[in-house]
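K.L.:
The following block contains a protein sequence and its predicted model.
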Amino acid sequence: MTSNFEYNGRLGIALPRLEQPWEDYTAARQSEILAEWETVRGTIPDRIAQIEETINQKQDALGEEDNFETSCRLNWEIAELASIINDLWLWYRTHQDISARLHP
């Protein structure tokens, strides 16, 4: 059996990678994919919490930073981490309907 998920380094989770239209998968394979997605989806809140902790650390460092260039770098890093959190929430919320198919 091949995996229909591919690790995304930016987000830190595996994302669905379907190689054919959803309808072309057998019902059994669809169930397997949905079960795997439910497992991945369940890790998203913990991943977000980890990133939020990193943001808090960078914000603390930013509050004590006097060097302008370092402050700019920290601001950019915080913004990038916030963007990752946003994308993770989109995956989590957008695909609730997929997870609902597991429990009709």
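P.N.:
Structure received.

K.L.:
pLDDT score for residue 79?
P.N.:
pLDDT recorded at residue 79 is 98.

K.L.:
so what's residue 75 up against?
P.N.:
By Cβ atoms under 8 Å, 6 or more residues apart in numbering, the contact list for residue 75 reads residue 62. Every residue, glycine included, has its C-beta placed from N, CA and C.

K.L.:
Just give the nearest non-adjacent residue to residue 8, would you?
P.N.:
Excluding its sequence neighbours, the residue lying closest to residue 8 (Cβ to Cβ, 6 or more residues apart in numbering) is residue 15, at 5.0 Å.

K.L.:
actually residue 18, not the one I typed
P.N.:
Nearest one to residue 18, counting by Cβ to Cβ, 6+ apart, is residue 4 at 5.8 Å.

K.L.:
Confirm for me that the one you found is in contact with residue 15.
P.N.:
No: with contact defined as Cβ atoms under 8 Å, residue 4 does not reach residue 15; the gap is 9.8 Å.

K.L.:
Mind checking which of those two has more residues around it?
P.N.:
Set side by side, residue 4 and residue 15 show more neighbours around residue 4, with 19 against 14, by other Cβ atoms under 10 Å.

K.L.:
and the gap between the more buried one and residue 16?
P.N.:
Going from residue 4 to residue 16 by Cβ to Cβ, to the nearest Å gives 6 Å.

K.L.:
which secondary structure elements does the top helix by length along the chain contact?
P.N.:
Secondary structure of the chain per DSSP state H: the longest helix is helix 27-64. For helix 27-64, the elements it packs on are strand 5-8, strand 13-16, helix 68-94, helix 96-100, judged by 3 or more Cβ pairs under 8 Å, 6 or more residues apart in numbering; DSSP states H and E.

K.L.:
and among those, the most buried is which?
P.N.:
Highest mean neighbour count among these (mean count of other Cβ atoms under 10 Å): strand 13-16, with a mean of 16.

K.L.:
ok, that one: who's next to it in the sheet?
P.N.:
Partners of strand 13-16 in the sheet, by DSSP bridges, are strand 5-8 (antiparallel).

K.L.:
Let me see the contact set for the residue nearest the centre of the chain.
P.N.:
Taking Cα atoms, centre = their mean as the criterion, residue 88 is the residue nearest the geometric centre of the chain, at 3.5 Å. Shown in contact with residue 88 (Cβ under 8 Å, 6+ apart): 11, 13, 44, 47-48, 51.
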